[in-house]
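J.: Take this sequence and fold it.
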Amino acid sequence: MNVDEGSRCQIRRIGTVVSIEQDLVRIEVEGKPLGVPSAKCDSRLRPGDVVAWDGGRWIVSDQR
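T.: The predicted structure follows:
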């Protein structure tokens, strides 16, 4: 996906899934922890996945 497609975000945010709780996904971005509502994450995420913000939700990244 092109960073500009469907997103107003100018910077592509990349993180790593740390843990998944019932309604919250914990993601580390640039060394900082984020608590993200599960509704804003792809349902296929697993701990250890590298993820990217696509402007609407966190998805598995093709970047490793």
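J.: What's opposite Val36 in the beta bridge?
T.: Beta-bridge pairing for Val36 (DSSP bridges): Val25.
J.: Number of residues surrounding it?
T.: For Val36, the count of nearby residues is 19 (other C-beta atoms under 10 Å). For the C-beta atoms, the positions are set from N, CA and C on the backbone; glycine is no exception.
J.: could we number from 852 for the rest of this?
T.: Let's use 852 as the start, then, which means that last one is Val887.
J.: can I assume Ile910 is in contact with Asp893?
T.: Yes: using C-beta atoms under 8 Å, Ile910 and Asp893 qualify as a contacting pair, with a distance of 4.7 Å.
J.: What ranges in this structure fall below the confidence cut-off?
T.: Residue ranges of the chain with pLDDT under 70: 852-861, 914-915.
J.: In it, which residue is most central in space?
T.: Centroid check for the chain by C-alpha atoms, centre = their mean gives Trp909 as the closest residue, at 3.1 Å.
J.: Is that residue bridged to anything, and to what?
T.: Taking DSSP bridges as the rule, Trp909 bridges to Cys892, Trp904.
J.: give the contact list for it.
T.: 866, 876, 878, 887, 891-893, 896, 902-903 (C-beta atoms under 8 Å, 6 or more residues apart in numbering).
J.: Show me just the buried residues among those residues.
T.: With neighbours counted by 16 or more other C-beta atoms under 10 Å, those contain buried members at 866, 876, 878, 887, 892, 896, 902-903.
J.: what two of the residues you listed are the furthest from one another?
T.: Val876 and Ala903 (13.5 Å; C-beta to C-beta).
J.: At which residues are the strands of the chain located?
T.: Remark: strands assigned in the chain by DSSP state E are 865-871, 875-880, 883-888, 901-904, 909-911.
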